[in-house]
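A.B. asks: structure for this input, please:
(one chain, ligands or ions: 1)
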Amino acid sequence: MPFSKANAKVLLAGRIFQTGVQILWKTGKILNRLLFLCANEQSTTMQAKITALGTYVPERIVDNHYFETFIDTNDEWIVSRTGIRTRRYAAEHEYTSHLCVAAAKNMVEENLVVLDDVDFVLVATVTPDQTMPSVATQVQDKLGLTHAGALDISAACAGFAYGIILAQGLIAAGTHRKVLVFGAETLSKFTNFEDRTSCILFGDGAGAVLVEAAAEGNIRAVVSGSQGDSGKDLYMSNLRKQINGVDIITDNKIHQNGRAVFKWAVNTVSSQMSVLAERSGIALEDMDWFIPHSANMRIIEALCTQTGFPIEKTLESISLYGNTSSASIPLALHRGIREGKVKKGDRLLLIGFGGGLVYAGLVVEWG
Ligand code: UT7
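C.D. replies: Numbers count the residues shown, from 1 in each chain. You can find the predicted model right below:
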């Protein structure tokens with residue numbers, strides 16, 4: 001083809017176009033890289049902050065005399081051995097997801113927070129409405145949280161603390177910014193009312209916290225651990241007939257070796273209190289409030305005796321609500337706030353422990 005001026009113009013235009021595309025492509029790559037670096041920069045600096053709390057307990061109050069009508073027990077034994085005076089039972093139509101929704105509504109009312117942009121829901125429970133779907137998905141739907149992932153956590157009475165630790169991880173990773181964490185149970189639906197050593201203990205309730213991404217967080221230290229070889233000491237099963245090679249009852253009710261769990265709880269929690277103090281750089285004596293899982297008032301007293309922590313600086317929910325498993329810590333904290341004990345800036349040491357056996361704890365600077 002003869003070389004003409006027209007051909008030269010077409011070639012030149014083609015080269016200009018090609019160079020333009022290359023420049024655009026390279027600019028795009030640079031921009032992409034910059035965005036990636038910015039996102040990473042953001043994720044390394046983002047911290048988790050607990051910004052709001054809400055709770056709910058069902059209406060029905062059950063006192064200790066109720067049990068005197070069908071098992072060999074009495075109010076005096078229950079109060080002196082556990083510290084429990086009353087507990088709440090969910091209505092027949094009320095399930096764990098309903099308690100969660102009510103706790104979230106309470107959070108909104110008391111804290112004026114907006115939940116529309118929550119991007120993850122974590123529900124710690126061992127008493128889900130059903131095994132599948134999860135309680136978290138039910139809560140996500142009922143609260144209209146259209147942007148939220150949803151996940152249940154099975155860590156028994158340590159579940160609430162585990163939930164906060166996981167929320168902190170999601171926020172620190174830079175993948176999520178607003179996580180709703182629940183500890184909620186309807187234990188009364190899984191209680192063996194023929195077993196006097198356990199049926200007097202349990203109650204129903206729910207607590208929720210909002211954990212948000214912030215330039216400065218308020219979680220100062222965390223700890224977690226487990227001892228799976230003691231699973232047989234506290235369980236609820238309807239399928240497998242053995243745990244740790246030991247035969248178990250498969251009636252889908254809670255069974256507990258109270259003495260074994262009591263001993264483990266006191267030893268484990270007292271040592272983990274020191275670990276949390278060390279990790280947070282806040283001495284035990286400088287903690288304003290200790291909020292252990294409310295399993296038994298005698299466990300709380302034993303922990304204080306063992307560590308020298310003043311009992312007056314502990315918060316409990318056992319006396320009013322019984323053992324509410326994953327809900328017990330937020331219920332105790334809310335009680336402390338309502339009674340004017342917990343103030344902004346107070347240093348809280350929370351530790352949950354229970355079936356697994358499993359534990360988790362954290363130090364939080366409140367507010
Ligand atoms: O939330 C998850 C973690 N769970 C815990 O941390 C629970 C830890 N364990 C406990 O809180 C306590 O072990 C219980 C409250 C479960 C039991 O208290 P205890 O002081 O350890 O009682 P025990 O099992 O050693 O029983 C002492 C006695 C027994 O009678 P004998 O054998 O001494 O004649 C029991 O049969 O008390 C009797 N007893 C009761 N008596 C009246 C057990 N339950 C009752 C009852 N009323 N409800």
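A.B. asks: which residues does Phe202 bridge with?
C.D. replies: Taking DSSP bridges, one obtains Asn323 as the residues bridged to Phe202.
A.B. asks: what residues are up against it?
C.D. replies: Residues touching Phe202, when contacts are defined by Cβ atoms under 8 Å, 6 or more residues apart in numbering, comprise Arg87, Leu187, Ser188, Thr191, Ile254, Gly322, Asn323, Thr324, Ser325. Quick note: C-beta positions are derived from backbone N, CA and C, even for glycine.
A.B. asks: repeat the analysis, applying 10 Å as the threshold.
C.D. replies: Applying Cβ atoms under 10 Å, 6 or more residues apart in numbering, one finds that Phe202 lies in contact with 84, 87, 89, 127, 185-192, 254, 256, 321-325.
A.B. asks: list the ones among those that fall in helices.
C.D. replies: Judged by DSSP state H, helices contain the following of the contacts of Phe202: Tyr321.
A.B. asks: give me every residue in the chain lying close to the ligand.
C.D. replies: The chain has residues 73, 77, 81-82, 157, 196-197, 200, 258-259, 261-262, 265, 295-296, 299, 323, 325, 354 near the ligand, with proximity defined as Cβ under 6 Å from any ligand atom.
A.B. asks: hmm, 8 Å instead?
C.D. replies: Taking Cβ under 8 Å from any ligand atom as the test, the list of the chain residues beside the ligand reads 67, 71-74, 77-78, 81-82, 156-157, 196-201, 234, 256, 258-259, 261-262, 265, 293, 295-296, 298-299, 323, 325, 328, 353-355.
A.B. asks: now, of those, which are buried?
C.D. replies: Buried positions within the residues of the chain next to the ligand, assessed by neighbour count (16 or more other Cβ atoms under 10 Å), are 67, 73, 78, 81-82, 156-157, 198-201, 234, 256, 258, 261-262, 265, 293, 295-296, 299, 323, 325, 328, 353-355.
A.B. asks: in the chain, which residue is closest to the centre?
C.D. replies: Nearest to the geometric centre of the chain sits Phe160, at 2.2 Å (Cα atoms, centre = their mean).
A.B. asks: assign it to helix, strand or coil.
C.D. replies: At Phe160 the chain is in helix, as set by DSSP: H, G, I helix; E, B strand; the rest coil.
A.B. asks: which ones are touching it?
C.D. replies: The neighbours of Phe160, taking Cβ under 10 Å, 6+ apart as the test, are 122, 124-125, 153, 181-184, 207-209, 293, 325-331, 333, 350, 352, 360, 362.
A.B. asks: what about these, which are in strands?
C.D. replies: With strands identified by DSSP state E, the entries of these that belong to them are 122, 124, 153, 181-184, 207-209, 350, 352, 360, 362.
A.B. asks: max pairwise distance over the residues you listed: which two?
C.D. replies: Using Cβ to Cβ, the two most remote members of the ones in strands among the contacts of Phe160 are Ala184 and Leu362, lying 18.6 Å apart.
A.B. asks: quick one, which of these two is more surrounded?
C.D. replies: It is Ala184, of Ala184 and Leu362, that has more neighbours when counted by other Cβ atoms under 10 Å, with 34 against 26.
A.B. asks: I'd say the more buried one and Val209 touch.
C.D. replies: No: with contact defined as Cβ atoms under 10 Å, Ala184 does not count as touching Val209 (12.0 Å).
A.B. asks: spatially nearest residue to the residue in the stretch 251-367 of the chain that the ligand sits nearest to, not counting backbone neighbours?
C.D. replies: Residue nearest to the ligand within the stretch 251-367 of the chain (Cβ to the nearest ligand atom): Gly258, separated by 2.7 Å. Leaving out its chain neighbours, the residue that sits closest to Gly258 by Cβ to Cβ, 6 or more residues apart in numbering is Thr197, at 5.7 Å.
A.B. asks: dump the residue contacts of that neighbour.
C.D. replies: Thr197 makes contact with Ile71, Thr73, Arg81, His255, Gln256, Asn257, Gly258, Arg259 under the criterion Cβ under 10 Å, 6+ apart.
A.B. asks: any chance of CSV for those residues, columns pLDDT?
C.D. replies: Shown next, in CSV, are these (pLDDT from 0 to 100):
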residue, pLDDT
Ile71, 97
Thr73, 98
Arg81, 98
His255, 98
Gln256, 97
Asn257, 97
Gly258, 96
Arg259, 97
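A.B. asks: switch those residues over to a markdown table; also include distance to Leu239.
C.D. replies: Below are these laid out as a markdown table (distance: Cβ to Cβ, whole Å):
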| residue | distance to Leu239 |
| --- | --- |
| Ile71 | 28 |
| Thr73 | 31 |
| Arg81 | 32 |
| His255 | 14 |
| Gln256 | 19 |
| Asn257 | 20 |
| Gly258 | 24 |
| Arg259 | 27 |
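A.B. asks: the residue of the stretch 1-150 of the chain found nearest the ligand: what secondary structure?
C.D. replies: Among the residues of the stretch 1-150 of the chain, Thr73 lies closest to the ligand, at 3.3 Å counting by Cβ to the nearest ligand atom. When the structure is split into helix, strand and coil by three-state DSSP, Thr73 lands in coil.
A.B. asks: mind listing the helices for the stretch 101-250 of the chain?
C.D. replies: 135-142, 159-172, 196-199 (DSSP state H, counting those that start in this stretch).
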